[in-house]
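**Student:** My questions are about this predicted structure, shown below with the sequence.
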Amino acid sequence: MSDPEDVPLADYIRVLRDQLETAQQEGAGRGVKFGVGAVELEFEVTVTREASERGGLKLWVVEAGADGKRSGGRTQRVRMTLTPTDDAGRPLTITDRLPEFPR
């Protein structure tokens, strides 16, 4: 199993998605739009094999400073680029309204 300080990789991505959705909802109907470009993430992960019915492998993000607890062969660095889109596959935009244009 994983160390209690480790967090499943899916949880980190879920939080990122939730934060982007919150920003988008808070900006709905506002005048100024911000396009969201590629989001680059880099994690140190450890892989565990699940022995449950579903089995398979699971990636756990290693907390900062926890790498001293891991043996060298079990921890891997993963880098990924995500491109957020809306339900129609269009680039995601987050909006906001300025009280006046900057000078």
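**Tutor:** Perfect, I can see it now. Numbers count the residues shown, from 1 in each chain.

**Student:** so what's residue 60 up against?
**Tutor:** 2-3, 6-9, 45-48 (CB atoms under 8 Å, 6 or more residues apart in numbering). For every residue, glycine as well, the C-beta is placed using N, CA and C.

**Student:** One more: residue 44?
**Tutor:** Per CB under 8 Å, 6+ apart, neighbours of residue 44: 61-62, 67, 75-78.

**Student:** From residue 83, how far out is it?
**Tutor:** 23 Å (CB to CB, to the nearest Å).

**Student:** picking that back up, narrow the contacts of residue 60 to those in helices?
**Tutor:** Among those, the members found in helices (DSSP state H) are residue 9.

**Student:** Show me which of the contacts of residue 60 are buried.
**Tutor:** 6-7, 9, 45-46, 48 (16 or more other CB atoms under 10 Å).

**Student:** of the residues you listed, closest to residue 39?
**Tutor:** residue 9 (14.3 Å; CB to CB).

**Student:** Next, count neighbours for the nearest residue to the closest one once chain neighbours are set aside.
**Tutor:** Leaving aside its chain neighbours, residue 9 sits nearest to residue 59 (4.2 Å; criterion: CB to CB, 6 or more residues apart in numbering). By the criterion of other CB atoms under 10 Å, residue 59 has 17 neighbours.

**Student:** mind listing what residue 59 touches?
**Tutor:** So residue 59 contacts 8-9, 45-47, 78 (CB under 8 Å, 6+ apart).

**Student:** now for the residues you listed, which pair is the farthest apart?
**Tutor:** Top of the distance list for the contacts of residue 59 (CB to CB): 8 and 78, 12.8 Å.
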